[in-house]
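*Asks:* here's a sequence, model it:
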Amino acid sequence: QGNLEIIGRRAAFDLSGTRQHAESNSLNYRRVFAVDHSIDSQNIKATMQDGVLRLELPKSEALKPRRIEIA
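*Replies:* Down below sits the predicted model:
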């Protein structure tokens with residue numbers, strides 16, 4: 001439908017001892033992004049490493065530049 005939806009949950013930190021102050025709590029989140037028609041939506045890949053989400057949005061093969069040899 002032309003959208004990329006990311007849904008997740010950030011868990012609360014489990015620290016021992018008495019907490020004096022907290023900057024971050026557990027949180028459910030949902031983000032929706034419009035995906036251009038030039039993106040091959042069947043080959044979108046997502047990886048998470050060290051708390052960083054990486055998305056790979058490859059261009060559609062039909063829209064990639066191609067080389068045409070002139071005889």
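
*Asks:* what sits opposite Leu27 in the beta ladder?
*Replies:* Leu27 has these beta-bridge partners by DSSP bridges: Arg10.

*Asks:* can you report how many residues lie near it?
*Replies:* If you count neighbours by other C-beta atoms under 10 Å, Leu27 ends up with 10. To be clear about C-beta, it is placed using only N, CA and C from the backbone, and glycine gets the same treatment.

*Asks:* ok, Asn3 next?
*Replies:* Around Asn3 there are 9 other residues, counting by other C-beta under 10 Å.

*Asks:* please name the bridge partners of the residue positioned nearest the centre of the chain.
*Replies:* Of all residues in the chain, the one closest to the mean position by C-alpha atoms, centre = their mean is Leu55, 4.2 Å from it. Counting by DSSP bridges, Leu55 is bridged to Ala46.

*Asks:* quick check: pLDDT value at it.
*Replies:* pLDDT recorded at Leu55 is 93.
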